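Student: Have a look at this prediction, sequence included:
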Amino acid sequence: KYNYSNDKARERLYHHLNMTSRSFAAVIQDLDEELKDAICLFYLVLRGLDTIEDDMTIDLETKIPVLNTFHEIIYQKGWTFTKNGPNEKDRQLLVEFDVIIEGFLKLKPAYQTIIADITKRMGNGMAHYATAGIHVNTTADYDEYCHYVAGLVGLGLSEMFSACGFESLVVAKRKDLSNSMGLFLQKTNITRDYLEDLRDDRRFWPKEIWGLYAEKMEDLVKPENCDKAKQCLSHMVWNAMGHIKDVLEYLEMIKNPSCFKFCAIPQVMAIATLNMLHNNYKIFTHENIKIRKGETVWLMKESDNIDKVAAIFRLYAREINKKSDPLDPHFVNIGVACGEIEQIC
Ligand SMILES: CC(C)(C)CN1C(=O)[C@@H](CC(=O)N[C@@H](CC(=O)O)C(=O)O)O[C@H](c2cccc3ccccc23)c2cc(Cl)ccc21
């Protein structure tokens, strides 16, 4: 029955959600009642984990154990974390993490189990890559790292969609497609955040790729290496585009309208971002380049069914292809990738 204190707790929970990312918080709040709280808490637990992984001011002796045990921490009433650096974006979330734990412990056991399982696997994966000397070298490492931090999120969400009955059991079964949903988002973010990550001494671009264009990853920012830098960027864009076929196949499976928008909106933002990144030397000179607000508003409005989403992917594939430089070694690859997208859409 209606429980005032519960409502107060829920209000504090959604306050944290709105603090993390306003636009996406609105999308989560549009989800059906049955899933809304579970996905809100999944999102905030993962945001807490990510805030610890991202904070380079925390020494490894502290960071590694917290990453590895976060799936147990989320059951510990009252737990908070105050060791985050002062300028860490979501520091407040961890200072008040007891609120998240309260909400997590109110969820149905089925959702708690899914969230704890994904958190365990993600935390272990993050701890591995946070260990001194471990780098993203091969493209296989790149796929593995992105699986840990984003592919697993897709697996967890698909299990929730199937568990609550909104989507068929096939959605949870197609782990390959769920994984690609995460990889497409994460590879787009990693490609976009080259300069910011370089500044924070975080290296996610695989050496197997940047090593074809420079001696050291940081050489790509030198003006004299401009052409090589843009060729490396094309290679990264092409690598991310490899997941689009799976993304569209996954979205075609999603029938519940609120689940569909929740899944489709980040994907159309990602293809729009990839289009903005392609052949855009600014990623080597400016941080935090984003698609315009007007474009995101249009994308959020236009992503409510598979036909419109397919049309958006077809539109951006054409834009990306138009911007390709015939002298770029990946000119043909990107042309083929764009052709494929235009075919399936
Ligand atoms: C790393 C990441 C891509 C998984 C982060 N991630 C996302 O990027 C969010 C979108 C988001 O947070 N957008 C923010 C980004 C920002 O703050 O800059 C915005 O303001 O638009 O979406 C994903 C997300 C949504 C829907 C389906 C998914 C399937 C597989 C993997 C991830 C999926 C997400 C869902 C959950 Cl439950 C948790 C995290 C995420």
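Tutor: Looks like it arrived, so ask away.
Student: In the stretch 201-345 of the chain, what residue lies closest to the ligand?
Tutor: residue 266 (3.8 Å; C-beta to the nearest ligand atom). For every residue, glycine as well, the C-beta is placed using N, CA and C.
Student: Mind telling me what element that residue is part of?
Tutor: Residue 266 is part of helix 257-277 when elements are defined by DSSP states H and E.
Student: How about that helix, which residues are buried there?
Tutor: By 16 or more other C-beta atoms under 10 Å, the buried positions in helix 257-277 come out as 258-277.
Student: what about residue 9, distance to residue 151?
Tutor: Spatial separation of residue 9 from residue 151 under the definition C-beta to C-beta, to the nearest Å is 31 Å.
Student: between these two, which one's more packed in?
Tutor: Remark: of residue 9 and residue 151, residue 151 carries more neighbours, 28 against 14, as counted by other C-beta atoms under 10 Å.
Student: Let me know the pLDDT of that one.
Tutor: The pLDDT attached to residue 151 in the predicted structure is 98.
Student: Okay, it and the ligand: tell me how far apart.
Tutor: Separation of residue 151 from the ligand (C-beta to the nearest ligand atom, to the nearest Å): 7 Å.
Student: residues contacting that residue?
Tutor: Neighbour list for residue 151: 178-183, 186 [criterion: C-beta atoms under 8 Å, 6 or more residues apart in numbering].
Student: helix/strand/coil for it?
Tutor: When the structure is reduced to helix, strand and coil (DSSP: H, G, I helix; E, B strand; the rest coil), residue 151 reads as helix.
Student: got it, and residue 10?
Tutor: Secondary structure of residue 10, reduced to three states by three-state DSSP: helix.
Student: I'd say it and residue 100 touch.
Tutor: No: Residue 10 is beyond contact range of residue 100, at 11.9 Å (criterion: C-beta atoms under 8 Å).
Student: These two: who's more crowded?
Tutor: Summary of the neighbour comparison: residue 10 and residue 100, criterion other C-beta under 10 Å, with residue 100 having more neighbours (25 against 18).
Student: how about the nearest residue to the more buried one, chain neighbours excluded?
Tutor: If you skip the residues right next to it in sequence, residue 100 has residue 44 as its closest partner in space, 4.9 Å away by C-beta to C-beta, 6 or more residues apart in numbering.
Student: That neighbour: neighbour count?
Tutor: Number of residues near residue 44 (other C-beta under 10 Å) recorded here: 26.
Student: Is it within a helix or a strand, and which one?
Tutor: With DSSP H and E as the test, residue 44 turns up in helix 33-54.
Student: didn't residue 282 look like it was pressed against residue 288?
Tutor: No: under the criterion of C-beta under 8 Å, residue 282 lies out of contact with residue 288, with a separation of 10.7 Å.
Student: Residue 202 and residue 56 touch, don't they?
Tutor: Yes: between residue 202 and residue 56 a contact is recorded at 7.2 Å, counting by C-beta under 8 Å.
Student: any idea how far residue 174 is from residue 254?
Tutor: The gap separating residue 254 from residue 174 is 11 Å, by C-beta to C-beta.
Student: ok, these two, which is more surrounded?
Tutor: Regarding residue 254 and residue 174, a neighbour count based on other C-beta under 10 Å identifies residue 254 as having more, with 21 against 17.
Student: Please identify the nearest residue in space to that one, excluding sequence neighbours.
Tutor: By the measure of C-beta to C-beta, 6+ apart, the closest residue to residue 254 outside its immediate chain neighbours is residue 260, 4.6 Å from it.
Student: what's the helix or strand for the residue of the stretch 101-250 of the chain found nearest the ligand?
Tutor: Residue of the stretch 101-250 of the chain nearest the ligand, by C-beta to the nearest ligand atom: residue 154 (3.1 Å). The secondary structure element spanning residue 154 is helix 152-163 (assigned by DSSP H and E).
Student: what do you get for residue 240?
Tutor: Assigned by DSSP H and E, residue 240 belongs to helix 226-241.
Student: what's the answer for residue 25, then?
Tutor: Following DSSP H and E, one finds residue 25 within helix 22-29.
Student: What count of nearby residues applies to residue 321?
Tutor: Here the neighbour count serves as a burial measure; for residue 321 (other C-beta under 10 Å) it reads 19.
Student: And for residue 247?
Tutor: Residue 247 has 26 neighbouring residues, counting by other C-beta under 10 Å.
Student: Which secondary structure state does it sit in?
Tutor: At residue 247 the chain is in helix, as set by three-state DSSP.
Student: Thought residue 179 was touching it, still the case?
Tutor: No: taking C-beta under 8 Å as the definition, residue 247 is not a contact partner of residue 179, at 10.7 Å.
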